[in-house]
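Student: Build the 3D model from these lines:
(2 chains)
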Number of protein chains: 2
Amino acid sequence: MITKIFSIFLLFSLVIAADKNYNRPQFHLTPEKGWMNDPNGLWYDQKDKIWHAYYQHNPNSTVFASPISWGHSTSKDLIKWDYHGVAVKADNKDEDIFSGSIVIDKNNTSGFFNDDVDPEQRVVMVYTSNFPGAQTQAIGYSTDGGYTFIKYDGNPVINTHSSSQRDPKMFWHEESEKWIMVVVDAQVYNYQIYSSSDLKKWEQVSTFQKKGYLGGQYECPGLIKVPIENPDDGQPDYKWVLYLSINPGSPIGGSAVEYFIGDFDGETFTPDDGASRFMDFGKDFYALQTFDNTRDEDGVVGLAWASNWQYSSYVPTDGWRSSTSMVRRFTLRNVKLNPSETGLNLIQTPVWETEDTLDDGSLKNWYMINEYDVEDTILNKWSKVETDFNSETNSSGVLEFNLTFAITDFSAGLQDGPHTLAVNILSQEVDGSKDKFQLVFDLLGRSWYLDRGNGNAFQRDTPVFDERLSFYHESQQTGDKGPLYNIYGIVDRNVLELFVEYGQYALTNTFFFDNGRIPTSIEVVSNYEQSFATIQSFVARELALK
Amino acid sequence: MITKIFSIFLLFSLVIAADKNYNRPQFHLTPEKGWMNDPNGLWYDQKDKIWHAYYQHNPNSTVFASPISWGHSTSKDLIKWDYHGVAVKADNKDEDIFSGSIVIDKNNTSGFFNDDVDPEQRVVMVYTSNFPGAQTQAIGYSTDGGYTFIKYDGNPVINTHSSSQRDPKMFWHEESEKWIMVVVDAQVYNYQIYSSSDLKKWEQVSTFQKKGYLGGQYECPGLIKVPIENPDDGQPDYKWVLYLSINPGSPIGGSAVEYFIGDFDGETFTPDDGASRFMDFGKDFYALQTFDNTRDEDGVVGLAWASNWQYSSYVPTDGWRSSTSMVRRFTLRNVKLNPSETGLNLIQTPVWETEDTLDDGSLKNWYMINEYDVEDTILNKWSKVETDFNSETNSSGVLEFNLTFAITDFSAGLQDGPHTLAVNILSQEVDGSKDKFQLVFDLLGRSWYLDRGNGNAFQRDTPVFDERLSFYHESQQTGDKGPLYNIYGIVDRNVLELFVEYGQYALTNTFFFDNGRIPTSIEVVSNYEQSFATIQSFVARELALK
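Tutor: Residues are numbered from 1 along each chain as shown, chains lettered A, B, ... in the order given. Alright, predicted model coming up:
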């Protein structure tokens, strides 16, 4: 069955190929101008129903350069973001306002607020005050709902005389009725846990040291209570997840986020095992942070910087640099790690609908332009499946796809070179060629090979830009026709986020098509004459902001 | 200073470009014909001064296919290897002889030997007997110095009714006067330690479970006592290193070896910390095994399979497939992990000279053809340094280089895109072009970016072949002119082994130049107009087998 929907909104979609901002993501947070890196101080305003994101920012530079401030953007639906410029800047010319977080101090434990400030808008921030060779933790607060901040006159609240203690993330720990802060001493691989009753006086209660993959240093820690979707008998219905970022020196190069699953008693995090796990297998997912003060219905949600320090300063731009990931919801799921063993795995799902947009559709700022849908299609060299979105003349450059296929014959694996199924994300045709981001599933290795460079100039000519990467895909279900494989992707101008096997593996990768080219169509192809795979379903959509 | 040596042996070097075996490594073990994967049963014969290597082998297939036997090669100098065909094969048509190891049972604890067999040649093997759905551990012995084997009639010696218990590695534990075997139950991530007095009756004494990066499964374990080069005050002069291989699902894709540093008391391995470490950051280093019965002077030495299951079956060949790494010596060294923190790191050094070849030069089967040497050279866009090996007309295709440079100016890092120093390994010129393996050091990220594909057909057209990878390089020393960086490489036809910062980081990568092209020259270049680096020394050599 093939359906196609022409929305009445199609009239508003634009030929953007000639726009100098052709490669600016639409559904991802970007700074209007200047530089962005780590997300900071993410929180949700339950009174005004506004999502706040801050981030490391310099509006006057397109590379990381002092002074670093907190930039600020807000959203009603976590898809469309409005830029508000700098929210927090340094008072001292030698200071940077480095990464930190925000909590909502409803009960005014800090004493910063009077009754004029709604409990849902009692915003307390913590940040790292960076001076050459000295990093301390400092706090501030906002009485106008997070648009401007007043720094605490008793700063710093933590000073360990370290040059690399940074990136504090705070949260309210219900069980012990304390504020908890996790912070790293980056270069000694020390993940420190502090607690407080008033957000001003902090006591260190434990450390988590030299665990996981060390890399060059630890950054951007966090600690979240994550529900288990399918607890086993005797298993609790949640676990704590400790996350941290490492840079440089991730195994796949540069920047990455890793996580540990375990228990937290208000003082100490105890991992379930000694395993080392990465959160996202792409090159562009760093400095994850989760939102404070979300509603239970929205769950544990967060976003990351969608770039990599290896090349963040070098990628093509037009006056702004880098985006975040989309907001993701985190759960845990017992999955097959291989054919014999199951275990808990972090599950990541992009947030298309919030509790607010479900309640009030007018808050939702995006819509679908086109849809393409096929089912039960045998795939071989001559049976290509391709979207028909009229992409040559107009396109949003924002696509979503969901493919489930069955491997019907593994025996072809070893014959005459790789036999593959590929999902190709294509640009419009310009001067007789299309740019391509290729996702290749190899039958023999049961793995995906991503290739974000296919001859386009920036990627081929920039050795620091890694074009190819791969990951193993363990099938979790078997259908009538054979083991089933699921891959879901969001393509937004210059970023592709993959959520594979219903969120079991995530991969975020930026890409840089040649000037003016944007993703406009998707095809599913095989290179093998005989069929080894059947498409169970392939749905693709073209999306746009209102 | 530039020197060049024309050896009298130059007459014997050949124009090999037209040879169909142009890409067969010379200084690395390869099977004369057929398929090879994991090295097995590595041991040293102290009586006859012969190094023995066995390996997973099928002489009649160029892909992994049953029946798998143990192939056999020997060497006098660990550089030149002689092929002896199949040493151990299955008796049963449904059986494969999977990976295992060898020990020298000098004291005849097994009772397999009489006095006719020299104590240094009392060879006992253990292997995994693989039947569909069942893997058990079986032993055998040789009374002719390792050329033929007799299987034990009491096999299997371990049967846990597992489908994935495999890859036993045995050694004699001096302190407890016991034989120790480490073996994995692959898919449950269980690293099991057994002990025995007679090599026949084995008792499980501990497990090491779900530690490090899990990947799809554990394979090929080992446990070695490794000297510390520079122990700190109070630190012992050795530590135990537990190693294992994971495949599929390594972070950089497919196959990798990881290791843990700690203590072993004859029963239990206790890691020093919870850190996860990889042994080699390249794509082609798997199933490491160490040699049994080496002399103390030769230290702890081993080799790995220089391929990756992701593409091992697909790479170009002419009737044989894959090589091992060169033999490496392992030590531990306290190194700077980043500017603030030190820690123990496995150090890997290729073995060019053994105790035997030092004693008796006639055992050494290789020599130097050419040498090129520069010192104290300021590098910028116009000051290229290049070997002058007369490479267009004849070449061995085997090169070695050692580069130490100082970064004299870091301030250029952020200006106008990557500023780089590159080591290019070039082929001879064919039809107006040269193939290239490029090692690029980026000033800003202080990292290396390797690119083994530069337009040649196989690599560009094979998505499962990852062309680029990268790693962070922490400078360990500062000279007069600035921080010093050292990179040492061995290029052998189609494999490049890098040992960076005096063995601190190792990277093994195969590459596949277009037909007939072999590595013949090396250049060091910078892409920046102003100089930010000075070559302290660059020495390159062209080598050949006698």
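Student: Tell me if the helix or strand of chain A with the lowest mean pLDDT is near chain B.
Tutor: Every helix and strand in chain A was compared by mean pLDDT, DSSP states H and E; the lowest is helix A:457-461, with a mean of 83. No: judged by Cβ under 8 Å from any Cβ of the partner chain, helix A:457-461 stays clear of chain B, getting no closer than 8.8 Å. No exception for glycine: its C-beta is placed from N, CA and C like everyone else's.
Student: send the alpha carbons of stretch A:468-476 over as PDB?
Tutor: C-alpha atoms of stretch A:468-476 as PDB (Å, rounded to 0.1, in the frame of the first residue of the first chain):
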ATOM      1  CA  ARG A 468      32.300   5.900   8.200                       C
ATOM      2  CA  LEU A 469      31.300   4.100  11.300                       C
ATOM      3  CA  SER A 470      29.500   0.900  12.200                       C
ATOM      4  CA  PHE A 471      27.600  -0.900  14.900                       C
ATOM      5  CA  TYR A 472      26.300  -4.400  15.500                       C
ATOM      6  CA  HIS A 473      22.500  -4.900  15.400                       C
ATOM      7  CA  GLU A 474      21.100  -7.800  17.500                       C
ATOM      8  CA  SER A 475      17.700  -8.700  16.200                       C
ATOM      9  CA  GLN A 476      15.200  -8.900  19.100                       C
END
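Student: Any part of it near chain B?
Tutor: Yes: Stretch A:468-476 is in contact with chain B by Cβ under 8 Å from any Cβ, via A:468-472, A:474.
Student: Identify the farthest-apart pair in the residues you listed.
Tutor: Distance extremes for the residues of stretch A:468-476 next to chain B: the farthest pair is A:R468 and A:E474 at 20.8 Å, using Cβ to Cβ.
Student: From A:M368, how far out is the most centrally placed residue in chain A?
Tutor: Centroid check for chain A by Cα atoms, centre = their mean gives A:S325 as the closest residue, at 3.5 Å. Counting by Cβ to Cβ, to the nearest Å, the gap from A:S325 to A:M368 is 21 Å.
Student: Where do the helices of the stretch 51-200 of chain A begin and end?
Tutor: Under the criterion DSSP state H, counting those that start in this stretch, the stretch 51-200 of chain A carries no helices.
Student: who in it is up against chain B?
Tutor: So the stretch 51-200 of chain A meets chain B at A:63-65, A:163-164, A:187-189 (Cβ under 8 Å from any Cβ).
Student: Now the buried members of those residues.
Tutor: A:63-64, A:163-164, A:187-189 (16 or more other Cβ atoms under 10 Å in any protein chain shown).
Student: Isn't the residue nearest to the centre of chain A up against A:V301?
Tutor: No: at 11.2 Å, A:S325 does not count as touching A:V301 under the criterion of Cβ atoms under 8 Å.
Student: show me what contacts A:D233?
Tutor: Contact analysis of A:D233 by Cβ atoms under 8 Å, 6 or more residues apart in numbering or on different chains lists nothing.
Student: I'd assumed it was in a strand, is it?
Tutor: No: under DSSP: H, G, I helix; E, B strand; the rest coil, A:D233 sits outside any strand and is assigned coil.
Student: pLDDT score for it?
Tutor: On pLDDT, A:D233 comes in at 94.
Student: how far away is it from chain B?
Tutor: 19 Å (Cβ to the nearest Cβ, to the nearest Å).
Student: Could I have the CA atoms of stretch A:298-314 written out in CSV?
Tutor: Provided in CSV are the C-alpha atoms of stretch A:298-314 (Å, rounded to 0.1, in the frame of the first residue of the first chain):
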residue,chain,number,x,y,z
ASP,A,298,7.0,13.4,30.4
GLY,A,299,9.4,11.1,32.0
VAL,A,300,13.2,11.5,32.1
VAL,A,301,14.1,13.7,29.1
GLY,A,302,17.3,15.3,28.0
LEU,A,303,19.4,16.5,25.1
ALA,A,304,23.0,16.7,24.1
TRP,A,305,25.3,18.8,22.0
ALA,A,306,25.3,17.3,18.5
SER,A,307,28.9,17.8,17.6
ASN,A,308,32.4,16.5,18.4
TRP,A,309,35.3,18.5,19.6
GLN,A,310,37.4,16.9,16.9
TYR,A,311,35.9,19.0,14.2
SER,A,312,33.3,21.3,15.8
SER,A,313,35.4,24.4,14.9
TYR,A,314,36.0,23.3,11.3
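Student: Quick check: chain neighbours aside, which residue is closest to whatever residue of the stretch 1-150 of chain A ends up closest to chain B?
Tutor: Closest approach between the stretch 1-150 of chain A and chain B, counting by Cβ to the nearest Cβ: A:V63, at 5.3 Å. Ranked by Cβ to Cβ, 6 or more residues apart in numbering or on different chains and with sequence neighbours excluded, the top spatial neighbour of A:V63 is A:S313, at 4.4 Å.
Student: With A:I50 instead?
Tutor: Nearest non-adjacent residue to A:I50, counting by Cβ to Cβ, 6+ apart: A:T74, 5.1 Å away.
Student: residues touching the one you found, list them.
Tutor: A:50-53, A:81-82, A:84.
Student: farthest pair in those?
Tutor: Spatially, the most separated pair among the contacts of A:T74 is A:W51 and A:H84, at 12.7 Å (Cβ to Cβ).
Student: higher neighbour count, the two?
Tutor: Neighbour count, other Cβ atoms under 10 Å in any protein chain shown: between A:W51 and A:H84, A:W51 has more, with 25 against 15.
Student: Name the member of the residues of stretch A:468-476 next to chain B with the most neighbours.
Tutor: In the residues of stretch A:468-476 next to chain B, the most neighbours by other Cβ under 10 Å go to A:S470, 30 neighbours.
Student: So it sits against A:D451, correct?
Tutor: No: in this structure A:S470 lies outside contact range of A:D451 using Cβ under 8 Å: 9.6 Å.
Student: Distance check, the residue nearest to A:V63 against A:G216.
Tutor: 17 Å.
Student: again with A:V117
Tutor: Taking Cβ to Cβ, one finds A:V117 at 41 Å from A:G216.
Student: between the two, who's got more neighbours?
Tutor: Counted by other Cβ under 10 Å, A:V117 and A:G216 do not tie: A:G216 has more neighbours, with 24 against 18.
Student: sec struct for that one, please.
Tutor: coil.
Student: ok, it - contacts?
Tutor: A:187, A:246-249, B:337-338, B:472, B:474.
Student: do A:F98 as well
Tutor: A:56, A:68, A:127-130, A:135, A:166-167.
Student: do the same with A:H57
Tutor: A:31, A:34-36, A:68-71, A:86.
Student: for the residue of the stretch 51-200 of chain A found nearest chain B, what are its contacts?
Tutor: Residue nearest to chain B within the stretch 51-200 of chain A: A:Q187 (3.6 Å; Cβ to the nearest Cβ). Going by Cβ under 8 Å, 6+ apart, A:Q187 touches A:163-164, A:216-217, B:338-341.
Student: If we use 10 Å, what do you get?
Tutor: For A:Q187, the contact set (Cβ atoms under 10 Å, 6 or more residues apart in numbering or on different chains) comprises A:162-165, A:216-218, B:337-341.
Student: and if you look at A:F112?
Tutor: A:105, A:122-124, A:139-143, A:150, A:152, A:198-200.
Student: before we move on, the earlier item: quick check: the residue of the stretch 51-200 of chain A closest to chain B vs A:S164, distance?
Tutor: In this view, A:Q187 and A:S164 are 5 Å apart by Cβ to Cβ.
Student: so what sits against both of the two?
Tutor: With Cβ under 10 Å, 6+ apart, A:Q187 and A:S164 have common neighbours A:217-218, B:338-341.
Student: Are any of those buried, and if so which?
Tutor: For the shared contacts of A:Q187 and A:S164, buried by 16+ other Cβ under 10 Å: A:217-218, B:338, B:341.
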